[in-house]
Every structure is written in C-alpha cells, then in structure tokens.
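# sequence first, then the predicted structure:
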Amino acid sequence: MAGFRTVHVPYSVEQDEDGVWCARAQLHPGVVAYGDGDTEQAAVDDLREGLLGLAASAPLS
C-alpha cells in the first residue's frame with residue numbers, strides 16, 4: 001500500500017517589474033521549480049503544482 005509523506009520545500013516569492021508574482025524553489029543543484037501568478041498566493045499555488053509534477057515524474061527508489 002502506497003503512503004503519503006509531507007515534504008517541506010523552502011521557496012522564495014518576489015514581484016517582478018511587470019507586477020507578476022514569481023515563486024521559486026530549488027530542490028537540488030540544477031533542479032528548480034517555478035510558479036507565477038497575479039497574486040503572491042497564485043504564484044505559490046502554481047509552484048506547488050510544478051513541484052507535484054516533478055514528484056510524479058521522479059523515478060521511484
């Protein structure tokens with residue numbers, strides 16, 4: 001039976017010069033996930049989707 005595990009990933013959120021919120025998380029050197037949105041929360045939500053996509057595509061060990 002597969003289980004779930006909560007993983008806390010440090011991330012940063014900044015607003016760019018055009019007003020778009022950008023979120024970034026570095027998992028390993030060279031492995032970075034990004035998210036963006038009209039609000040800070042939208043950028044974090046987009047980042048979360050990207051991280052889930054990376055996790056889903058990672059090989060099982």
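Yes, it's here. Residues are numbered from 1 along each chain as shown.
# what strand or helix carries the residue nearest in space to the middle of the chain?
Centroid-nearest residue in the chain, with Cα atoms, centre = their mean: residue 47, separated by 3.1 Å. For residue 47, the host element (DSSP states H and E) is helix 40-57.
# ok, for the residue nearest to the centre of the chain, nearest residue in space, not its chain neighbours?
Nearest non-adjacent residue to residue 47, counting by Cβ to Cβ, 6 or more residues apart in numbering: residue 35, 3.0 Å away. C-betas here are computed from N, CA, C, even on glycine.
# and for residue 34?
Leaving out its chain neighbours, the residue that sits closest to residue 34 by Cβ to Cβ, 6+ apart is residue 24, at 5.6 Å.
# is it true that the one you found touches residue 43?
No: here residue 24 does not reach residue 43: they are 9.2 Å apart, not a contact under Cβ atoms under 8 Å.
# neighbour-wise, which of those two wins?
Neighbours were tallied for residue 24 and for residue 43 using other Cβ atoms under 10 Å; the higher tally belongs to residue 43 (23 against 17).
# now stretch 38-51: buried residues?
43-44, 46-48, 50-51 (16 or more other Cβ atoms under 10 Å).
# who's in contact with residue 13?
Residues counted as contacts of residue 13 (Cβ atoms under 8 Å, 6 or more residues apart in numbering) are 21-24, 40, 43-44.
# biggest separation within those residues, which pair?
The most widely separated members of the contacts of residue 13 are 24 and 40, with 12.8 Å between them, by Cβ to Cβ.
# quick one: low-confidence ranges for the chain?
For the chain, residues meeting the criterion pLDDT under 70 lie at 1-2, 59-61.
# let's see it at 50
For the chain, applying pLDDT under 50 flags the ranges 1.
# joint contacts of residue 24 and residue 43?
Listed contacts common to residue 24 and residue 43 are 13, 35; contacts here mean Cβ under 8 Å, 6+ apart.
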